[in-house]
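1. Would you be able to build a 3D model of this:
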Amino acid sequence: MTKRHQLALATALVAALALGASGCSDTKKASAGTGGANPAAANDGRTLGGTPVKGGTLTVLSNQDFAHLDPARNWVMPTMDFGTRLLYRTLVTFKAEPGKGGSELVPDLATDLGTASNGGRTWTFTLKEGLKYEDGTPIKAADIKYNVERSFAPDLTGGPDYAAQYLAGTEGYKGPLQGQHLDSVKTPDDRTIVFELKRPVAEFSATATLPTFAPVPQAQEKGTQYDARPFSSGPYKIESYDRDKKLVLVRNEHWDPKTDTVRKAYPDRFVVVMGLKGGQIDDRVIAGEGADASTVEWSNMRPESAPKVLPKPEIKQRLLAESQGCTEMLSLNNSRAPFNDPKVREAMQYAVDKEAVITANGGPALNEVATAYLPPALSGGKQADTLKIAPGGDPAKAKQLLQAAGKEKLKVSLAVSTGDKGKAEAIQQGLSRVGIEVVIDTIDPGAYYDVIGDLSTTPDMTMSGWCPDYPSGSTWLPMVFDGRTIKPKGNQGNNSQFRDDATMKRIDEINAMSDAKQANQAWQDLDAAIMTKSPSVPLFLERKPLLVGPNIAGAFGHPVWVGQIDYATVGLKDPAKSQG
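-> Prediction:
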């Protein structure tokens, strides 16, 4: 579809529905144009379909495979939900509740949220009794230590960096595959694990929710092949996995619900069908006939499907569209020309037409303009607006800055996931107004983060979002803008390859603050300072629209995992109606 048709379709959609902008911090806010409520927000904070009945097969329809299911490599928010709710457990997790309740920490493998000592530099966790893997063998503290160590292995790329940032004595460490282990993670017995940190971390209980802190027994180590068959400590195990086609999960009979207050494990099976077209998925779930009545969507409903859903109450009641709590950005490759020039980067802030990007992504019912990097949840409920640029941009100002930089004509590359081509074309069209030619390269969603995370293949610009792993600025700005996190392969977060000494110094200063309120304000101030250096362009704040079939029950968008369906509690109204 050409850009003209894509924009015309989305613009007609917005006009027909008379949708106005809706703030992330107030999801019921009236539409600017009509005074009416945002129809996409109708089910905010709700659980759809009532309480599930145990049994049956729940099918997940997806346009892509998972980037990584290996818990040492799993750092894409929806996949963290899927992995930690179904396949493996972590020391600590989040409550299975919609809305604010879902942000509450609860023990998972551990008996409590951990005990801090040594001024917050030492954290101790005790495992529950009776924890078992899928083969009935006991889960041991040493297995969690081993997976934490695996997160340092150069071949196991893509996973969270918190262990490397927080643990003491990790310089030069390359993981356990060559028989080397960390002294800063101790397991004095099978049920006790102790972490020695390089600095106090008051929020380490929240860090322990990440897949890094799931158990992997050393005897099951398969290196990069572990991605295809993680060894289950959760309620389900892998029966079969045909990459890019189909994943089948069946019950792990050794999972004991008495040890698990969060996961309900309603379905007998989960089947993930991959490689489908986004519009095809929407149409199947909207119709909800036969086996499709027992399906849910993995990726977002396509923008062009909105007029099939929002005006129709019987379909809209099956739509989840929670705020993702993330900021979508256009990352500029600061490591090379033309974006190693601060003036060119500043020009980009004015050149991008964010309104057109939002229109291409479904309109203001599902998005709002981003004016800062930190999402509203980390900045008092509303984003800052440091640069005060109009949503449609300021082409005249952008041309002026480019002229001052001696770069009045530019040709740059932009890589996006296949499903984001419409947004990429909106960026392309906006930049053409100021003499910047954009060449778009679309990449299969399952490979996207691996491609842009390899410094030998990353292009001039990439489009990706960043979400807090838990409610703290420490999970955002250091991950996205600390030059010390950049890796040759498996680079995550700092897609702009931004290396700035003043920024890194300030990150260290804020991390050393013991007063959480002081640190929170300091992160917001640093956000404003980084905006003036323009390593990337914040684009929009997005909802996550997901349709569920009419036989689905217990479905809600979890606030931590960017509005993805919480796989801990979802199931079926009538298992007998499911197939597969």
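2. what's the burial count for the residue nearest to Q564 when sequence neighbours are not counted?
-> With Cβ to Cβ, 6 or more residues apart in numbering as the criterion, Q564 has its nearest non-adjacent residue at 4.0 Å, and that residue is P78. The C-beta positions use only the backbone N, C-alpha and C, and glycine is treated the same way. Neighbourhood size, P78 [other Cβ atoms under 10 Å]: 22.
3. How about P338?
-> Residues near P338, counting by other Cβ under 10 Å, number 20.
4. ok, the nearest residue to D189 once chain neighbours are set aside - contacts?
-> Leaving aside its sequence neighbours, D189 sits nearest to A141 (Cβ to Cβ, 6+ apart; 7.1 Å). Contacts for A141 were tallied using Cβ atoms under 8 Å, 6 or more residues apart in numbering; they are F125, L127, T187, D189, D190, R191, T192, I193.
5. Settle this for me: the third one is touching I193, isn't it.
-> Read it as T187. Yes - shown here, T187 and I193 form a contact pair, counting by Cβ atoms under 8 Å, at 5.3 Å.
6. got a winner among the contacts of A141 for most neighbours?
-> Busiest of the contacts of A141 [other Cβ under 10 Å] is I193, holding 29 neighbours.
7. Give me the pLDDT for that one.
-> In the predicted model, I193 carries a pLDDT score of 99.
8. and what of N494?
-> Per-residue pLDDT puts N494 at 96.
9. Check whether it really touches P478, as I assumed.
-> No - at 9.3 Å, N494 does not count as touching P478 under the criterion of Cβ under 8 Å.
10. what residues do these two have in common as contacts?
-> By Cβ under 8 Å, 6+ apart, N494 and P478 have these common neighbours: T485.
11. ok, the most centrally placed residue in the chain to K544 distance?
-> Central residue of the chain (Cα atoms, centre = their mean): M77, 3.0 Å from the mean position. Distance of M77 to K544, computed by Cβ to Cβ, to the nearest Å: 10 Å.
12. ditto for G99
-> Distance of G99 to K544, computed by Cβ to Cβ: 14 Å.
13. what helix or strand is T93 on?
-> Secondary-structure element containing T93, defined by DSSP states H and E: strand 92-94.
14. An error on my part: the question was meant for L431.
-> L431 belongs to helix 421-432, assigned by DSSP H and E.
15. what does that helix contact?
-> 1, 3, 6-7, 10, 303, 330, 348, 351-353, 356-357, 359-361, 393, 414, 416, 437-438, 440, 442, 461, 463, 539.
16. Give the buried residues for the following helix or strand past that helix.
-> The helix or strand immediately downstream of helix 421-432 is strand 436-443, counting by DSSP H and E. By 16 or more other Cβ atoms under 10 Å, the buried positions in strand 436-443 come out as I436, V438, I440, I443.
17. export the residues you listed to JSON lines and tack on pLDDT and distance to R243?
-> What follows is the buried residues of strand 436-443, written out as JSON lines (pLDDT from 0 to 100; distance: Cβ to Cβ, whole Å):
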{"residue": "I436", "pLDDT": "98", "distance to R243": "37"}
{"residue": "V438", "pLDDT": "98", "distance to R243": "32"}
{"residue": "I440", "pLDDT": "98", "distance to R243": "26"}
{"residue": "I443", "pLDDT": "95", "distance to R243": "16"}
